[in-house]
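**Q** quick one, fold the following:
(2 chains)
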There are 2 protein chains.
Amino acid sequence: MITDIKSYLHECAALIEKSLPEALPADWNIPQQLRESMLYSLQAGGKRLRPALVLAAAEAIHGSAAAASHALPVACAIEYIHTYSLIHDDLPAMDNDDYRRGKLTNHKVFGEAMAILAGDALLTHAFYLIPKAARLGGVNAEVALDIVEDLAMLSGARGMVGGQAADMQGEQGTTSIEELEYIHLHKTSDLIVFSVTAGGRIGGATAEQLDALRHYGRNIGLAFQIQDDILDLIGDEKKLGKKTNSDVEQQKVTYPYLLGIEESKAQVKRLTREAKAAILEAQLAAPDKLLLIADYLVQRDY
Amino acid sequence: MITDIKSYLHECAALIEKSLPEALPADWNIPQQLRESMLYSLQAGGKRLRPALVLAAAEAIHGSAAAASHALPVACAIEYIHTYSLIHDDLPAMDNDDYRRGKLTNHKVFGEAMAILAGDALLTHAFYLIPKAARLGGVNAEVALDIVEDLAMLSGARGMVGGQAADMQGEQGTTSIEELEYIHLHKTSDLIVFSVTAGGRIGGATAEQLDALRHYGRNIGLAFQIQDDILDLIGDEKKLGKKTNSDVEQQKVTYPYLLGIEESKAQVKRLTREAKAAILEAQLAAPDKLLLIADYLVQRDY
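**A** All right, here's what the predicted structure looks like:
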């Protein structure tokens, strides 16, 4: 089954890789360097997990793959948001990273000013893609507007940007487990919650189903992040494609640091179990992929 | 009449000053430094011209002030966008400004990382405010979605951010009059076009009226920017609240530099005349304020 979900995620990733550059209209008069800078980071690889969750959730609720095809512009939108956040996080004033996934970071190639602008443009373009989903059909205006509101809430000041700000503040002093949870819930879970609820809305989810998807997203997001912290501590450099133990070098407070490795692993299991329970209780039309993704995320070795 | 429009703009500015902090929900759990950084720049003064144009255009099309009250969240949204753009423009990697309107710039107070995040959060929150306009009533979902699309297009890669990117590239070499027009059309006119068309949409504008508003916005935006270049060259330091002749010091290419002062002044007059002609031809319900604002913008001495 895990092999199946792996190939499903690969298929989704291939579809998204193709769709991301196409989502930026070729006939728009955009300064050349800005366009190149945006496309450089959009095409820099990655698991494309968030867009896959949009597509999987739409199909899980609706029961057919047609719902997933209607959700494609929104799947691209969340990857635009994720990409902008990586560009801005890598800036010298933030994490000051020269490499990401083995490639030079955006500002190392295009300069800081262009990297800031490319991030701003990618963020903004995500909101262009949601009305586009409504224009292409299969998504009505009210649903599209709910998705705009969710995206703004979950990626903004009380969402992802809030998590990033708390993370920056946390680096200046001691971090409690509550603060660490705030950071992970907002830096990581919020975009995952967006992905599954946006897909769910397009698939026609009821209020109860949306609640279940929120619960699922929150928990797999946290589990994913704790697993990341664990892998950072014990993982293999080659598989992760970045230097491990970098959190320790940067004196970052992590779950393993606060709770120990064993308790962190237990948390990952508990969160994954709860995520799957929420999906099972909500009786979705086709829950299998969401269930398998929850397991896959914490079994991954990359 | 100009006295009247001056007091109208002051009234709008007062309403917006009050509404901007309220538009960021007090009960949202936002890291304290991030909230302070956002509010610092939102409350740093300014003419509040763009939101006033949203309100004035809604009233011009609809003929009643009720339409303007429905447009208030969208008026705040455009000021959130304008504010984020100033924070990011002032960053060391961009224009590297320590002061704006006599106050320390955001990154001088909160640090570069927080300034980048505050900009990202303000940008994102603008898109939260548009669905809010629909929830509050008076704006239907289709209209709100059109406004989301316009905002993303006019403030993103082929809009304001594109203008800023072209400006950064332009600083590295020679700039032609065509390049300068691209920069001003996108850095300045696009948000003004957004403001009047968004107000117009809320007021119930026809496609022809929206075209007239676009033409008006494009022309007063360009006129405003050329007038700014002229004032920078000849203006009085105290009135402008910033060092004049700074463009010359920074070797920035401007309209007066390319065309001379007299020809630049003639352009301002021509653009203002054409803006007003577009409004007059479109036979709006209450065109007076838009006509007066066009004149006022180029007679201002601040």
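**Q** low-confidence ranges in the stretch 101-250 of chain A?
**A** A:171-174, A:235-250 (pLDDT under 70).
**Q** would you map the helices across it?
**A** A:106-110, A:112-136, A:141-155, A:160-170, A:177-184, A:190-203, A:207-234, A:237-240, A:246-249 (DSSP state H, counting those that start in this stretch).
**Q** out of those, the one nearest residue B:181 is which?
**A** Closest to residue B:181 of the helices of the stretch 101-250 of chain A is helix A:112-136 (C-beta to C-beta; 19.5 Å). Where C-beta positions appear, they are placed from N, C-alpha and C, glycine not excepted.
**Q** follow-up on the earlier one: most packed of the helices of the stretch 101-250 of chain A?
**A** Among the helices of the stretch 101-250 of chain A, helix A:190-203 has the highest mean neighbour count (mean count of other C-beta atoms under 10 Å in any protein chain shown), at a mean of 28.
**Q** tell me if that one is near chain B.
**A** No. Helix A:190-203 is not in contact with chain B by C-beta under 8 Å from any C-beta of the partner chain; minimum separation 11.6 Å.
**Q** what is that helix packed up against?
**A** helix A:49-62, helix A:65-70, helix A:72-90, helix A:141-155, helix A:160-170, helix A:207-234 (3 or more C-beta pairs under 8 Å, 6 or more residues apart in numbering or on different chains; DSSP states H and E).
**Q** give me the number of residues near residue A:5?
**A** 22 (other C-beta atoms under 10 Å in any protein chain shown).
**Q** quick one, grab the pLDDT at it.
**A** You'll see residue A:5 listed with a pLDDT of 94.
**Q** likewise the one 5 residues further on?
**A** At residue A:10, the predicted lDDT confidence score is 96.
**Q** you'd agree residue A:284 is in a strand?
**A** No. Looking at residue A:284 with DSSP: H, G, I helix; E, B strand; the rest coil, it is coil, so not inside a strand.
**Q** so who does it touch?
**A** Residue A:284 is in contact with A:60-61, A:209, A:212, A:290, counting by C-beta atoms under 8 Å, 6 or more residues apart in numbering or on different chains.
**Q** list the contacts of residue A:114.
**A** Residues in contact with residue A:114 (C-beta under 8 Å, 6+ apart) are A:33-34, A:37, A:106-107, B:165, B:168.
**Q** averaged pLDDT, stretch A:264-282. What do you get?
**A** 97.
**Q** about what we covered before: make a markdown table out of the helices and strands packed on helix A:190-203 and add distance to chain B.
**A** Formatted as a markdown table, the helices and strands packed on helix A:190-203 follow (distance: least, C-beta to the nearest C-beta, whole Å):
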| stretch | distance to chain B |
| --- | --- |
| helix A:49-62 | 16 |
| helix A:65-70 | 15 |
| helix A:72-90 | 6 |
| helix A:141-155 | 4 |
| helix A:160-170 | 4 |
| helix A:207-234 | 15 |
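**Q** quick one: which of those is nearest residue B:77?
**A** helix A:141-155 (10.1 Å).
**Q** which strands or helices does the closest one pack on?
**A** Checking 3+ C-beta pairs under 8 Å, 6+ apart, helix A:141-155 ends up next to helix A:72-90, helix A:112-136, helix A:190-203, helix B:112-136, helix B:141-155.
**Q** could you rerun that using 6 Å?
**A** Helices and strands touching helix A:141-155, by 3 or more C-beta pairs under 6 Å, 6 or more residues apart in numbering or on different chains; DSSP states H and E, are helix A:112-136, helix A:190-203, helix B:112-136, helix B:141-155.
**Q** can you give me the angle it makes with helix A:190-203?
**A** Compare the direction of helix A:141-155 with that of helix A:190-203 by axes from the mean of the first three to the mean of the last three C-alpha atoms, to 10 degrees and you get 170 degrees.
**Q** got a list of what the spatially most central residue of chain A touches?
**A** Most central residue of chain A, judged by C-alpha distance to the mean C-alpha position with C-alpha atoms, centre = their mean, is residue A:50 at 4.3 Å. Shown in contact with residue A:50 (C-beta atoms under 6 Å, 6 or more residues apart in numbering or on different chains): A:78, A:82, A:191, A:195.
**Q** if you set the cut-off to 8 Å instead, what comes out?
**A** A:75, A:78-79, A:82, A:191-192, A:194-195.
**Q** next: residue A:103.
**A** A:44-45.
**Q** now swap in the one 3 residues further on and tell me
**A** For residue A:106, the contacting residues are A:37, A:40-41, A:87, A:90, A:114-115, A:118-119, taking C-beta under 8 Å, 6+ apart as the criterion.
**Q** can you do 7 Å?
**A** Residue A:106 makes contacts with A:37, A:40-41, A:87, A:90, A:115, A:118, as judged by C-beta atoms under 7 Å, 6 or more residues apart in numbering or on different chains.
**Q** quick check, the residue in the stretch 201-302 of chain A closest to chain B?
**A** Of all residues in the stretch 201-302 of chain A, residue A:201 sits closest to chain B, at 12.9 Å by C-beta to the nearest C-beta.
**Q** please tell me I have it right and that residue contacts residue A:144.
**A** No. At 8.8 Å, residue A:201 and residue A:144 do not qualify as touching, with contact defined as C-beta atoms under 7 Å.
**Q** just the buried residues of the contacts of residue A:106.
**A** Neighbour counting with 16 or more other C-beta atoms under 10 Å in any protein chain shown marks A:37, A:40-41, A:87, A:90, A:115, A:118 as buried within those.
**Q** of these, closest to residue A:260?
**A** residue A:90 (30.0 Å).
**Q** out of the helices and strands packed on helix A:190-203, which gets nearest to residue B:132?
**A** helix A:141-155 (7.6 Å).
**Q** check contacts around residue A:229.
**A** Taking C-beta under 7 Å, 6+ apart, we find residue A:229 in contact with A:247, A:254-256, A:264.
**Q** what does the closest residue to it other than its chain neighbours show for phi and psi?
**A** Leaving aside its sequence neighbours, residue A:229 sits nearest to residue A:254 (C-beta to C-beta, 6 or more residues apart in numbering or on different chains; 4.0 Å). Dihedral pair for residue A:254: phi -130, psi 170, per degrees, to the nearest 10.
**Q** could you report the neighbour count for residue A:254?
**A** By other C-beta under 10 Å, 20 other residues sit near residue A:254.
**Q** residue A:296 is nearest to which of the helices of the stretch 101-250 of chain A?
**A** helix A:207-234 (9.8 Å).
**Q** that closest one vs helix A:177-184, what angle?
**A** Orientation note: helix A:207-234 sits at an angle of 110 degrees relative to helix A:177-184 (the same axes, to 10 degrees).
**Q** look up how far residue A:61 lies from the residue of the stretch 201-302 of chain A closest to chain B.
**A** Distance, residue A:201 to residue A:61, by C-beta to C-beta, to the nearest Å: 8 Å.
**Q** cool, thanks, talk later.
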